[in-house]
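J.: this one's sequence-less:
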């Protein structure tokens, strides 16, 4: 869990993903459309990916990916991010990270 929290706090917007996950792709496209670039950690390409998946589940993620952190805090997975976006709450959270480099 320490590695997940360290990575989640590296930059303002962090996405834990898997390269073959269609829901992860959807979240990446959403962020692209909004104009923000998250720091993406592909768990299927990290030797410690399985342990990070378990840590994300222990943190409350219903599915380990996608897992979105904004400002070092867990926002959630696809449902939480999309609900936040549809209610108008996502963009204000992302304003400080608009057009940030990966």
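T.: Everything's here; your move. These figures come from a predicted structure and were not determined experimentally.
J.: could you use CA atoms for every contact and neighbour count after this?
T.: OK.
J.: ranges for the strands of the chain?
T.: Remark: strands assigned in the chain by DSSP state E are 13-17, 39-42, 67-70, 73-76.
J.: quick one: closest of these to residue 92.
T.: Nearest to residue 92 among the strands of the chain is strand 67-70; the distance by C-alpha to C-alpha comes to 11.2 Å.
J.: so how far is residue 32 from residue 16?
T.: In this view, residue 16 and residue 32 are 16 Å apart by C-alpha to C-alpha, to the nearest Å.
J.: check residue 13 too.
T.: Using C-alpha to C-alpha, one obtains 12 Å as the distance from residue 13 to residue 32.
J.: more neighbours: which of the two?
T.: Here residue 13 and residue 32 are set side by side on neighbour count (other C-alpha atoms under 10 Å), and the busier one is residue 13, at 26 against 13.
J.: show me what contacts the nearest residue to residue 53 once chain neighbours are set aside?
T.: Once flanking residues are discounted, residue 53 sits nearest to residue 64: 5.1 Å by C-alpha to C-alpha, 6 or more residues apart in numbering. With contacts defined as C-alpha atoms under 8 Å, 6 or more residues apart in numbering, residue 64 is in contact with 53-54, 56-57, 77.
J.: these in helices, which ones?
T.: Mapping those onto helices (DSSP state H) picks out 53-54, 56-57.
J.: list the buried residues for stretch 22-39?
T.: Judged by neighbour count (16 or more other C-alpha atoms under 10 Å), stretch 22-39 contains these buried residues: 23-24, 27-28, 31, 35-39.
J.: same deal with stretch 72-92?
T.: Neighbour-count burial for stretch 72-92, counted by 16+ other C-alpha under 10 Å, picks out 72, 74-78, 81-82, 84, 90-91.
J.: and for stretch 39-58?
T.: Those would be 39-44, 49, 52-53, 55-57, for stretch 39-58 by 16+ other C-alpha under 10 Å.
J.: quick one on the thing from earlier: could the contacts of residue 64 be laid out in TSV, adding pLDDT?
T.: Listed next are the contacts of residue 64 as TSV, based on pLDDT from 0 to 100:
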residue	pLDDT
53	95
54	94
56	96
57	93
77	94
